[in-house]
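A.B. asks: When you get a sec, could you give me coordinates for this:
(one chain, ligands or ions: 1)
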Amino acid sequence: MTLRVGIIGLGCMGNCHMGAYEKVKGARVVAVCDIDEKKRQGDIGVFGKRDLSGLRIYDKAKEILADPAIDVIDVCLPTHLHAELSCAALAVGKHVICEKPMARTSDECKKMVQAAKRSGKQLFLAHCIRFWPHYAKAREIVLSGEYGAVRSARFFRVGSKPTWSWNNWLHTAKCSGLAALDLHIHDVDFVQYLFGKPKAVRSTGMSVSPGGYDHIVTTYDYGKDKLVMAEGAWEYAPGFPFGMTFSIMMERASLDLDKTLTLTLYPEKGKSRAVRVPKGDGYTHELQHFVNCLAKGQGSDIVTPESALQSVQLVEAEIESAKSGKPVAVRY
Ligand SMILES: NC(=O)c1ccc[n+]([C@@H]2O[C@H](COP(=O)([O-])OP(=O)(O)OC[C@H]3O[C@@H](n4cnc5c(N)ncnc54)[C@H](O)[C@@H]3O)[C@@H](O)[C@H]2O)c1
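C.D. replies: Numbers count the residues shown, from 1 in each chain. Sure thing, here's the model as predicted:
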C-alpha cells in the first residue's frame with residue numbers, strides 16, 4: 001500500500017521533503033497546504049519552483065486535516081506552530097512526521113507525546129542528522145568499540161544568516177528559539193544519540209537578535225574521562241559557506257568529518273583512509289525509515305518522541321546556562 005502524504009508548510013523544508021518523497025518507496029505526496037498564495041502556486045522563492053499539478057492544494061490547515069484521503073501529515077511549519085498542528089493532526093487520526101525541533105518549548109513537546117499516545121497514531125520527528133550517512137557511519141564506528149573509548153568529541157555547525165523564512169520567523173526568538181534551538185539542536189540531538197543523556201551542560205552564547213542566542217558553545221558533562229562539545233552559529237556574513245563538521249578522538253583512532261563532507265579515519269597505526277558511506281542524504285533516509293516503520297505498523301527505534309523531547313530539554317538547559325554563566329543539570 002502506498003501511503004498518502006499531505007505536507008503543511010511549503011517553504012524551505014516542505015520543498016525539501018517534496019523532493020525527497022520522489023525517491024522514497026511506499027509513499028507519495030497527494031496534497032499540500034500553505035497560507036502563502038505564491039507557495040500554493042509552486043513559487044518557493046529562493047528554493048525555486050515546484051510543479052504542484054495533480055496535487056490537492058489547501059490554504060487552511062483545518063482543510064488538509066479534514067481530507068480523508070491522507071494517511072500522513074508532514075508538518076514543515078515554523079517551529080512555534082509544530083505542537084498545535086501535530087496534535088490536531090493526531091486527533092483526527094493522521095500519522096504525523098514533524099520537522100525538528102519537535103516544538104518551541106519542552107512543555108509543548110510533552111503535549112505532543114501525550115497526543116500521540118492518546119491517538120494510537122505514530123509521531124515521527126525529523127531529526128535528519130541521525131540518518132545522515134556520515135554521522136550514522138561515525139556512530140557505527142564508535143559503537144563498534146574497535147578503536148576503544150571516545151576521549152573527546154567536537155561538533156561544529158555554522159552558516160550565514162538565514163534569509164528566506166516566512167515573516168522572518170527564524171529571527172524571532174519566540175517563534176524559532178534562534179540558532180540555539182533551530183540549528184544547534186541538530187548536534188545536541190546527535191550528541192545524546194551517540195553518548196546518551198549528559199548530566200549537565202555548560203554554555204556560553206552570543207546574541208544578535210533579541211531573546212535568545214545566535215551563537216552557542218556547549219560542553220556536555222559525561223564525567224571526567226570524556227570531553228564532548230558542540231558549537232552552532234548562523235550570523236556569519238552573506239555567502240559564508242555552511243559547514244557541519246565533527247572530530248572524534250578515540251583511544252586508538254580519530255575520526256574527522258570536514259566541510260566537504262569527507263569522513264576520514266586516522267588510526268593510531270597505519271595510514272589514514274576515507275570512510276565510505278551510503279549514498280543519499282539524511283532527509284531521504286529519514287523519510288524512507290518513517291515510511292518503512294508505518295508499513296510495519298510500528299514506531300521508530302532511531303528517533304522517538306521522547307528522544308526529540310530530550311533534545312529540546314537539553315537546549316533549554318544550555319540557554320539557562322548561557323544566561324546564568326553556570327553549569328546546569330538537565331531536567332529530563
Ligand atoms: N531538518 C533540517 O535540516 C531543517 C532545515 C531547515 C528548517 N527546518 C525546520 O523546518 C521547519 C520549517 O522551516 P522552513 O525553513 O521550511 O521555514 P519557511 O519559512 O521556509 O517555511 C514555512 C512555511 O510555512 C508556511 N506557513 C506559515 N504558517 C502557516 C499556517 N498556519 N498554515 C499553513 N502554512 C503556513 C509559510 O507560508 C511558509 O511557506 C522549522 O521547524 C525548521 O526548524 C529543518
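A.B. asks: how close does the one residue in the chain that gets nearest to the ligand sit to Gly280?
C.D. replies: At 1.9 Å from the ligand, Gly11 is the closest residue in the chain, using CB to the nearest ligand atom. Using the backbone N, CA and C atoms, a C-beta is placed for each residue, glycine as well. Plainly put, Gly11 is 22 Å away from Gly280 if you go by CB to CB, to the nearest Å.
A.B. asks: Between those two, which is the more surrounded one?
C.D. replies: Gly11 (21 against 14; other CB atoms under 10 Å).
A.B. asks: wait, doesn't the more buried one sit right on Lys38?
C.D. replies: No. Gly11 is beyond contact range of Lys38, at 10.6 Å (criterion: CB atoms under 8 Å).
A.B. asks: Between the two, which contacts overlap?
C.D. replies: Shared contacts of Gly11 and Lys38 (CB atoms under 8 Å, 6 or more residues apart in numbering): Gly45.
A.B. asks: ok so Pro68 is a strand residue?
C.D. replies: No. Counting by DSSP: H, G, I helix; E, B strand; the rest coil, Pro68 is not part of a strand but coil.
A.B. asks: Around the ligand, which positions in this structure sit nearby?
C.D. replies: Counting by CB under 6 Å from any ligand atom, the chain comes close to the ligand at 8-14, 33-36, 39, 61, 76-79, 81, 99-100, 126, 128, 164-166, 169, 182.
A.B. asks: Next, count neighbours for Glu37.
C.D. replies: For Glu37, the neighbour count with other CB under 10 Å is 9.
A.B. asks: Next, it: phi, psi?
C.D. replies: For Glu37, the backbone dihedrals (degrees, to the nearest 10) come out as phi -60, psi -40.
A.B. asks: contacting residues around it?
C.D. replies: Asp59.
A.B. asks: separation between it and Leu55?
C.D. replies: Taking CB to CB, one finds Glu37 at 15 Å from Leu55.
A.B. asks: What sits closest to His285 if chain neighbours are left out?
C.D. replies: Spatially, and ignoring its direct neighbours in sequence, His285 is nearest to Phe131 (3.9 Å; CB to CB, 6 or more residues apart in numbering).
A.B. asks: Count the residues that sit near the one you found.
C.D. replies: 22.
A.B. asks: you'd agree it is up against Gly282?
C.D. replies: Yes. If you go by CB under 8 Å, Phe131 and Gly282 touch, sitting 4.4 Å apart.
A.B. asks: Kindly export the longest helix belonging to the chain (C-alpha atoms) in PDB.
C.D. replies: When the chain is parsed with DSSP state H, its longest helix is helix 305-324. Only the C-alpha atoms of helix 305-324 are listed here, as PDB (Å, rounded to 0.1, in the frame of the first residue of the first chain):
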ATOM      1  CA  PRO A 305       9.100  11.400  20.500                       C
ATOM      2  CA  GLU A 306      10.800  11.000  23.900                       C
ATOM      3  CA  SER A 307      14.300  11.500  22.500                       C
ATOM      4  CA  ALA A 308      13.200  14.500  20.500                       C
ATOM      5  CA  LEU A 309      11.700  16.000  23.700                       C
ATOM      6  CA  GLN A 310      15.000  15.400  25.500                       C
ATOM      7  CA  SER A 311      16.900  17.300  22.800                       C
ATOM      8  CA  VAL A 312      14.600  20.300  23.400                       C
ATOM      9  CA  GLN A 313      15.100  19.900  27.200                       C
ATOM     10  CA  LEU A 314      18.900  19.900  26.600                       C
ATOM     11  CA  VAL A 315      18.800  23.100  24.600                       C
ATOM     12  CA  GLU A 316      16.700  24.700  27.300                       C
ATOM     13  CA  ALA A 317      19.300  23.800  29.800                       C
ATOM     14  CA  GLU A 318      22.000  25.200  27.600                       C
ATOM     15  CA  ILE A 319      20.100  28.600  27.300                       C
ATOM     16  CA  GLU A 320      19.700  28.700  31.100                       C
ATOM     17  CA  SER A 321      23.400  28.000  31.500                       C
ATOM     18  CA  ALA A 322      24.400  30.700  28.900                       C
ATOM     19  CA  LYS A 323      22.200  33.200  30.800                       C
ATOM     20  CA  SER A 324      23.500  32.300  34.300                       C
END
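A.B. asks: Leaving out chain neighbours, which residue sits closest to Cys128?
C.D. replies: Nearest non-adjacent residue to Cys128 (CB to CB, 6+ apart): Gly282, at 3.5 Å.
A.B. asks: Next one: the closest residue in space to Phe195 that isn't next to it in sequence relative to Met229, how far apart?
C.D. replies: The shortest distance from Phe195 to any non-neighbouring residue, by CB to CB, 6+ apart, is to Tyr222 (5.7 Å). Using CB to CB, we find Tyr222 at a distance of 11 Å from Met229.
A.B. asks: Over to Gly223?
C.D. replies: If you go by CB to CB, the gap between Gly223 and Met229 works out to 14 Å.
A.B. asks: Of those two, give the one with the bigger neighbour count.
C.D. replies: Remark: of Gly223 and Met229, Met229 carries more neighbours, 17 against 7, as counted by other CB under 10 Å.
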